[in-house]
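*Asks:* The sequence and its predicted three-dimensional model are supplied below.
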Amino acid sequence: MYVTNSIYDSFARYVDIDDRTFFSTALECAKSNYAKLLEVDRSKIKQLTPVCFISSLSSQKESEKFVQRKILNTDRARRKFIMIDADFAESAESESIRMQENLKSLAEKYKTPLMIYPTVSYPEKPRFRAVLLVKRGLSPSKYWCAMTWLYKEIGFNVLDKSDLRISANRNLPIFCNDDQISAIYSTFDDLSLEPLDNKLWSDIAAPKKNELSAEQIKDLKEVSYDEDALIKGAKLISTRQIAKSYETFWHLVASLAAAVVLEQIDEDLALEMLDEFAEAGQTESQKAKWRAGNNELYQQFFTQYREIPENISKARPLHSYSEFLKASSLKKGDKNE
């Protein structure tokens, strides 16, 4: 398993144990250490949460015990697990419970092990991660098929498109209160249960790749933005619903990260805009939490787009938002050419 100590690490380390043992060990370590984090601010805990990426690389070499993270986002990536990152809103506790129950029913139906653990935001937010094992390593396209099958089996629409991507990093267990410990569910220690058979999703076809060419990326770098107009647009967005729901807001953060990687805007401007978005919070405490969360989410997208520029095709261009349209222009020539 390739892991990092936090989302901010540029290099990943390979832990040479099978996936079942890895997740079981990670869960036990988190349970053993949670008492040490009872008084630690959650924003700091999130910054220090260990992250897992993939099980292995195809044709993995002995020299690849430590690798740059961008290597993990190539077609060589393989996972022998599938994972749901269920980020439900505070008001969606019943849906969170329903998804967990459906996952348990699926695990019983296929006699396969299941691990569910809450995120560090629990119980204020009914969020959790669910892990299931598969018999054979999944490539990026096959991972998409397996996750699509999983969501269909449990009767839910895909919560976040990143769940379909093998390149999406996932936080490992870390706990800081008794409620989180009580919410853990795992049958990974039951050796009578076996990983899912890859044949289950053999009828699902993966979509064709949608990547930007080097020429397209070059063209995008010719777009620039007026800073004052962007800040004005950010203030306007903070008053609208898009900034108040994670389901819509993450798209906006992805757009900002893409604009920075494409050198359309400076990172300092992006961070200032993220702070403006946090003004959508209703209290000073909520605004502070959103500022920290906005920065964390931005760093995730920035790292992904910097390491795999072609993934920028998945981000909505900044100028496609009506609030930012008038702020855009071309660095060279006339934008009507």
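*Replies:* Happy to help now that I have it. Numbers count the residues shown, from 1 in each chain.

*Asks:* just the helices in this protein please.
*Replies:* Secondary structure of the chain, counting by DSSP state H: helices at 19-33, 42-47, 69-72, 93-110, 140-154, 178-182, 214-220, 227-237, 246-261, 267-277, 284-307.

*Asks:* I'd like to know which of those lies nearest to L200.
*Replies:* Nearest to L200, of all the helices of the chain, is helix 140-154, at 6.0 Å by Cβ to Cβ. For the C-beta atoms, the positions are set from N, CA and C on the backbone; glycine is no exception.

*Asks:* What separation do you get for the residue nearest the centre of the chain and L37?
*Replies:* Closest to where the C-alpha atoms of the chain average out (Cα atoms, centre = their mean) is A168, at 5.0 Å. Applying Cβ to Cβ, to the nearest Å, the value for A168 to L37 is 25 Å.

*Asks:* what does Q100 give?
*Replies:* For Q100, the distance to L37 equals 23 Å [Cβ to Cβ].

*Asks:* just A183 next, same as before
*Replies:* In terms of Cβ to Cβ, A183 sits 16 Å off from L37.

*Asks:* Ok, F88 next?
*Replies:* 22 Å.

*Asks:* Then E124?
*Replies:* 16 Å.

*Asks:* So between those two, which is more surrounded?
*Replies:* Neighbour count, other Cβ atoms under 10 Å: between E124 and L37, L37 has more, with 19 against 11.

*Asks:* Not counting its neighbours along the chain, what's nearest that one?
*Replies:* C176 (4.0 Å; Cβ to Cβ, 6 or more residues apart in numbering).

*Asks:* any idea how far that neighbour lies from S320?
*Replies:* 39 Å.

*Asks:* Would you mind listing where the stretch 101-250 of the chain has pLDDT under the threshold?
*Replies:* 209-217, 219 (pLDDT under 70).

*Asks:* how's this protein carved up into domains?
*Replies:* Following automatic domain parsing, the chain resolves into domains at 2-201, 214-330.

*Asks:* So for K208, which of these sits nearest?
*Replies:* The nearest among these, by Cβ to Cβ, is domain 2-201 at 9.5 Å.

*Asks:* Please give me every residue in contact with the residue lying closest to G155 once chain neighbours are set aside.
*Replies:* Excluding the flanking residues, the one nearest G155 by Cβ to Cβ, 6+ apart is N102, at 6.0 Å. Each residue near N102 by Cβ atoms under 8 Å, 6 or more residues apart in numbering is listed here: I154, G155, F156.

*Asks:* beta partners of the residue nearest to L150 when sequence neighbours are not counted?
*Replies:* Spatial nearest neighbour of L150, chain neighbours left out: I82 (5.9 Å); criterion: Cβ to Cβ, 6+ apart. Taking DSSP bridges, one obtains L132 as the residues bridged to I82.

*Asks:* Which one's more surrounded, C176 and S320?
*Replies:* C176 (21 against 10).

*Asks:* For the more buried one, give its distance to Y34.
*Replies:* Applying Cβ to Cβ to C176 and Y34 gives a distance of 6 Å.

*Asks:* got it, and T21?
*Replies:* 21 Å.

*Asks:* of these two, who's got more company?
*Replies:* Neighbour tally, T21 and Y34, criterion other Cβ under 10 Å: the higher count belongs to Y34, 17 against 12.

*Asks:* Please tell me I have it right and that one contacts F175.
*Replies:* Yes - in terms of Cβ atoms under 8 Å, Y34 counts as a neighbour of F175; the distance is 3.9 Å.

*Asks:* what residues are shared contacts of the two?
*Replies:* I181.

*Asks:* Look up the closest residue to L133, ignoring the ones flanking it.
*Replies:* Nearest to L133 is P195, by Cβ to Cβ, 6+ apart, at 3.8 Å.
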